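[1] I would like to see how this sequence folds:
(4 chains)
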Number of protein chains: 2
Amino acid sequence: MKTDLRVLKTKDALHESLLSLLKERALESISITEICKAAKINRGTFYQHYGKVEDLFEEYFKEIMKDLAESYQAPYKYVERIETTKLNPATIRIFHHIEKFKKFYFIVFSKNVPLAYYYLLFDEIHVLMKEDFIAHQKIDKDVAVDMLSAYQSNAILGMVIEWYRQDFNKSAAEMNEQLVAILNLRLGG
Amino acid sequence: MKTDLRVLKTKDALHESLLSLLKERALESISITEICKAAKINRGTFYQHYGKVEDLFEEYFKEIMKDLAESYQAPYKYVERIETTKLNPATIRIFHHIEKFKKFYFIVFSKNVPLAYYYLLFDEIHVLMKEDFIAHQKIDKDVAVDMLSAYQSNAILGMVIEWYRQDFNKSAAEMNEQLVAILNLRLGG
DNA sequence: AATTTTATTATACAGTTGTTCAATAAAATT
DNA sequence: AATTTTATTGAACAACTGTATAATAAAATT
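    Here you go, the predicted structure:
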């Protein structure tokens, strides 16, 4: 036995309600009362599953994260050639994933949203990076793997922030080119 | 004429009230009503200056940012030797600054806090990086300066996140060593 | 020092939040 | 199909939010 059908029904209704409200207004302006009214779910039931609006959104977020992870199941599927540098296939799909869910990431990177979402994204990329470092023995004895992958994954996210601030008006392909160019610089000395 | 004395008095009282509450409880659990009661300021007055608790905190944040900026006025003051790499003095002071305001950054990096604070920190470092790139002509024609400095500054913040998650149980000096080691890797191919 | 300007206060109101409880209805188990 | 388990409901409560108003007090200007 897994999950009660009533719970599934409730959560589905709440998800759909939030998503339809998000099409019209910003996340921080949407109240719990409002979501429940639209979903025809008792407010007390909301509190049985979540603590705040953001927790409900986070559940939706995890669905999107699945897409990010799935992109890496068939790694070289979308990549034609990697000539300029040893860019791992995980990295090379991140910008495409963001581009695909542009609308969603406009919310994730907005100022008033809790840092928790950023961390969810960071952790997802962090893990992929780390796996790649270990798989390809790119490890230097003086550098802690966690530090290096934290450095690298957040660097990518730095580019995404910049991209977001320019209203995502670059293609994912252009972003990859920029990344390749940056990686080919010898940043240390 | 600059600012009304009454406004200064009000803001001082609110600042002090928030800080003393923060010593006992988490930011997200502190209500406006509570802050005002402790500060002996009318709640309506709070709304004349701020919209939410976080706005008040942000004002305090900007004070801390001044310290970060000031660290760079006398750049080599604290640096004994930079041998292993061309680490710019701005970069080398960031970890020390964070260490100095450890308590404060425990709030800034906590999950429930709005992304806005992260951006304030990011922008501060971003600007310092950018200035350094331009001053030292480290620019490659294929790389947009904004992208590069976004990449680099957020990479540093990635290390800070990792540091924070390890409860800041490394010294700022150790963090600098890690950074030097990472920069000396040739990340691109 | 008198006058003007403006920040702060006290009060009030409708809406949201977070929590609790007994009653009910729906699902799982036998 | 009958019974047990448990999610959902509806109602109520105190506290907080966000906003508006007239009265007051404090600061700035003349």
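[2] what's the burial count for A:Ser20?
    Neighbour count for A:Ser20, taken as other Cβ atoms under 10 Å in any protein chain shown: 12. From N, CA and C alone the C-beta is placed, and that goes for glycine too.
[3] Distance of it relative to chain B?
    According to Cβ to the nearest Cβ, to the nearest Å, A:Ser20 stands 24 Å off from chain B.
[4] now the strand or helix carrying that residue: how far from the chain's centre is it?
    Per DSSP states H and E, A:Ser20 falls inside helix A:5-22. Distance of helix A:5-22 from the chain centroid (Cα atoms, centre = their mean, to the nearest Å) equals 21 Å.
[5] Just the CA trace of that helix, in PDB.
    Written as PDB, here are the backbone C-alpha positions of helix A:5-22 (Å, rounded to 0.1, in the frame of the first residue of the first chain):
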ATOM      1  CA  LEU A   5      -6.400   8.000  -3.000                       C
ATOM      2  CA  ARG A   6      -7.900  10.900  -1.100                       C
ATOM      3  CA  VAL A   7      -4.500  12.400  -0.600                       C
ATOM      4  CA  LEU A   8      -3.600  12.100  -4.200                       C
ATOM      5  CA  LYS A   9      -6.900  13.800  -5.200                       C
ATOM      6  CA  THR A  10      -6.300  16.600  -2.700                       C
ATOM      7  CA  LYS A  11      -2.700  17.200  -3.900                       C
ATOM      8  CA  ASP A  12      -3.700  17.100  -7.500                       C
ATOM      9  CA  ALA A  13      -6.400  19.700  -6.900                       C
ATOM     10  CA  LEU A  14      -4.000  22.000  -5.000                       C
ATOM     11  CA  HIS A  15      -1.300  21.700  -7.700                       C
ATOM     12  CA  GLU A  16      -3.700  22.500 -10.400                       C
ATOM     13  CA  SER A  17      -5.100  25.400  -8.500                       C
ATOM     14  CA  LEU A  18      -1.600  26.900  -7.800                       C
ATOM     15  CA  LEU A  19      -0.500  26.500 -11.400                       C
ATOM     16  CA  SER A  20      -3.500  28.300 -12.700                       C
ATOM     17  CA  LEU A  21      -3.100  31.100 -10.200                       C
ATOM     18  CA  LEU A  22       0.600  31.400 -11.200                       C
END
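[6] Quick check: buried residues in that helix?
    By 16 or more other Cβ atoms under 10 Å in any protein chain shown, the buried positions in helix A:5-22 come out as A:Thr10, A:Lys11, A:Ala13, A:Leu14, A:His15, A:Ser17, A:Leu18, A:Leu21, A:Leu22.
[7] what comes into contact with that helix?
    For helix A:5-22, contacts defined as Cβ atoms under 8 Å, 6 or more residues apart in numbering or on different chains pick out A:30, A:34-36, A:38-41, A:45-46, A:49-50, A:53, A:56-57, A:59-60, A:107.
[8] same thing with stretch A:163-176?
    So stretch A:163-176 is in contact with A:Leu87, A:Ile92, A:Phe95, A:His96, A:Ile98, A:Glu99, A:Lys102, A:Tyr105, A:Phe106, A:Phe109, A:Met159, A:Gln178, going by Cβ under 8 Å, 6+ apart.
[9] ok, and does the helix holding A:Ser20 reach over to DNA strand C?
    Yes. Judged by Cβ under 7 Å from any atom of the strand, helix A:5-22 comes into contact with DNA strand C at A:Leu5, A:Arg6, A:Lys9.
[10] Save the residues you listed as TSV, and put in distance to DNA strand D and pLDDT too.
    Listed next are the residues of helix A:5-22 next to DNA strand C as TSV, based on distance: Cβ to the nearest atom of the strand, whole Å; pLDDT from 0 to 100:
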residue	distance to DNA strand D	pLDDT
A:Leu5	9	96
A:Arg6	4	96
A:Lys9	6	97
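[11] Could you show which parts of chain A are in contact with DNA strand D?
    Near DNA strand D, when you scan chain A using Cβ under 7 Å from any atom of the strand, you find A:4, A:6-7, A:9-10, A:40-45, A:48-49.
[12] Which single one of those is nearest to A:Pro114?
    A:Pro114 has its nearest neighbour among these in A:His49, at 17.9 Å by Cβ to Cβ.
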